[in-house]
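Colleague: What follows is a predicted protein model with its sequence.
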Amino acid sequence: MNISIYIKHLMNIELHKLFIVLLFSTFIASCGSSSKTTPTVQNIKLSSPSTDDSQGGFQSISQPVFNQKDNIQSVINSISGENINSLYSVNAYKLEYITRNSANALVKVSGLLAIPEKSSASPILSFQHGTIFKNADAPTSHLGVSEDSVEVGLASLGYIVFSADYVGYGSSLGQPHPYLLKQPSADVVLDLLQAGKMLLQENNIETTSQLFMTGYSQGGYVTMAALKELQENPREGLLATGVVLGAGPYDVNTTLDVLTRGINVPNIFEGIVIDYIMDRLVPSNEITFESTILERFFDGDRQDDVHNWRPDIAIKLFHGEDDRTVPIESAVSTFNAMKNLGADIELIRCSASPSDHRNCILPYVEYMLSYFDGLRS
């Protein structure tokens, strides 16, 4: 068994910074019309820690980091070199709230909230990041505009952006990260939206009824898990309008089946192999990844698959034929399963050459922004 190849391809280790650079390079003015009225500053009342320690309960919010539109534009220009317009200045916050970890225990976590300064109501965009191995790459580590602040860039297009750090990052640093585990992946997103929407309402920050959800790679999986949970257990005020999922391992077991094809691990050695993979997978000791997904895979446990159900909303899958990090078989399996159940689903095949995990980030971003723009009211 060539374990180095196994490790290299087992998990979706994309270049987070590359994704951010490419996302900035695809900002387009058509994603929202510029306001013809004077934008107003929307200051959130800062609260002391809340006593609401129930799931989805708001805990606290940081002082805002103000990102001036011209500064956002300067970063866009320095990265993309294109004539792309930032539409709004943005206030970014670190919001703390309560969710559940993989042991079903309540834990305080954090997420980024980015609010554009505009006088009209804004749609909400729930953005789920891909795999990261350092806390410095978590969304709340980048409230100020920079090459790493993808959420600030999205908010400058007129979206109110929510982006969870995930369990194991930000305020929950030190907790094991429940990698590709369905329930904690869904909860960390929906609990952020629930706490954040309550905060917006209390501060009279106007939103439209639209909620857009998206993510790439692990972020695609997390988005699908959240969407499934939201449909099965609705939450007041949360109803998805548009969903674009990029290169996600929704069918976890098919993904791992393809990546480990031809590799046979005797049962007696499974524990040793899992320990070895996890030790090599995470390049630092700062973040601990749970090995549960590998244990369940070797046991034939499919409880974390999020592909075999019928969404009530149109689903757009985006994937590359040449993806060796998250094989397209995951998207094909998801498309077939959902189509057979009567879902409105489309699989958009990336046209990049080669259409691998990395090269398809830019086409995914372009498609996602264009699709959401067409749905915005």
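Modeller: Structure received.

Colleague: Would you mark the buried spots in the helix or strand where Gly153 lies?
Modeller: Per DSSP states H and E: Gly153 is located in helix 150-155. By neighbour count on 16 or more other CB atoms under 10 Å, the buried set for helix 150-155 is Val150, Glu151, Val152, Gly153, Leu154, Ala155. For glycine as for every other residue, the C-beta is placed from the backbone atoms N, C-alpha and C.

Colleague: can you put the residues you listed in JSON lines and add pLDDT and distance to Leu369?
Modeller: Converted to JSON lines, the buried residues of helix 150-155 look like this (pLDDT from 0 to 100; distance: CB to CB, whole Å):
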{"residue": "Val150", "pLDDT": "84", "distance to Leu369": "12"}
{"residue": "Glu151", "pLDDT": "92", "distance to Leu369": "14"}
{"residue": "Val152", "pLDDT": "93", "distance to Leu369": "15"}
{"residue": "Gly153", "pLDDT": "89", "distance to Leu369": "11"}
{"residue": "Leu154", "pLDDT": "92", "distance to Leu369": "9"}
{"residue": "Ala155", "pLDDT": "95", "distance to Leu369": "13"}
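
Colleague: out of these, who's nearest Gly170?
Modeller: Glu151 (13.1 Å; CB to CB).

Colleague: Just confirm that closest one contacts Phe127, I think it does.
Modeller: Yes. In this structure Glu151 lies within contact range of Phe127 using CB atoms under 8 Å: 6.1 Å.

Colleague: which neighbours do the two share?
Modeller: Val161, Ser163 (CB atoms under 8 Å, 6 or more residues apart in numbering).

Colleague: Sheet partners, orientation included, of the helix or strand following the helix holding Gly153?
Modeller: On the C-terminal side of helix 150-155, the closest following helix or strand by DSSP H and E is strand 160-164. Here strand 160-164 is paired, per DSSP bridges, with strand 106-116 (antiparallel), strand 122-128 (parallel).

Colleague: Could you pull up the mean pLDDT of strand 160-164?
Modeller: The average pLDDT within strand 160-164 is 98.

Colleague: Would you state the strands of the stretch 51-200 of the chain in chain order?
Modeller: 58-61, 65-67, 90-100, 106-116, 122-128, 160-164 (DSSP state E, counting those that start in this stretch).

Colleague: List the buried residues in the fifth one.
Modeller: For strand 122-128, the neighbour count (16+ other CB under 10 Å) marks Ser122, Pro123, Ile124, Leu125, Ser126, Phe127, Gln128 as buried.

Colleague: gap between the residue lying closest to the last one once chain neighbours are set aside and Phe318?
Modeller: Distances taken as CB to CB, 6 or more residues apart in numbering put Gly215 closest to Gln128, at 3.2 Å, once the chain neighbours are dropped. Distance check for Gly215 against Phe318: by CB to CB, to the nearest Å, it reads 11 Å.

Colleague: Which neighbours do the two have in common?
Modeller: Leu245, Gly246.

Colleague: At the geometric centre of this structure, which residue do we find?
Modeller: When CA atoms, centre = their mean is applied to the chain, the residue found nearest the centroid is Gln128 (0.8 Å).

Colleague: still on that earlier bit, which one of the buried residues of helix 150-155 is nearest to Ala92?
Modeller: Taking CB to CB as the measure, Val152 is the one of the buried residues of helix 150-155 closest to Ala92, at 5.6 Å.

Colleague: and Ala105, how many neighbours?
Modeller: Burial of Ala105 is recorded as 9 neighbouring residues (other CB atoms under 10 Å).

Colleague: who touches it in this structure?
Modeller: Counting by CB under 8 Å, 6+ apart, Ala105 has no contacts.

Colleague: Next one, pLDDT for it please.
Modeller: Reading off the model, Ala105 has pLDDT 97.

Colleague: host element of Pro311?
Modeller: Here Pro311 is assigned to no helix or strand, by DSSP H and E.

Colleague: sorry, that was for Ser351
Modeller: Counting by DSSP H and E, Ser351 is found in no helix or strand.

Colleague: in this protein, which helix or strand is least confident?
Modeller: Counting by mean pLDDT, DSSP states H and E, the weakest-scoring helix or strand in the chain turns out to be helix 3-10, with a mean of 38.

Colleague: Check the burial of Val189 by counting its neighbours.
Modeller: By other CB under 10 Å, neighbour count at Val189 equals 29.

Colleague: any idea of the pLDDT on it?
Modeller: 98.

Colleague: Which element, helix or strand, includes the residue nearest to it when sequence neighbours are not counted?
Modeller: Spatial nearest neighbour of Val189, chain neighbours left out: Ala226 (4.0 Å); criterion: CB to CB, 6+ apart. Assigned by DSSP H and E, Ala226 belongs to helix 218-232.

Colleague: Can you name every helix or strand that that helix contacts?
Modeller: Packing partners of helix 218-232 (3 or more CB pairs under 8 Å, 6 or more residues apart in numbering; DSSP states H and E): strand 122-128, helix 182-202, strand 207-216, strand 242-246.

Colleague: In that helix, which residues are buried?
Modeller: For helix 218-232, by 16+ other CB under 10 Å, it's 218-230.
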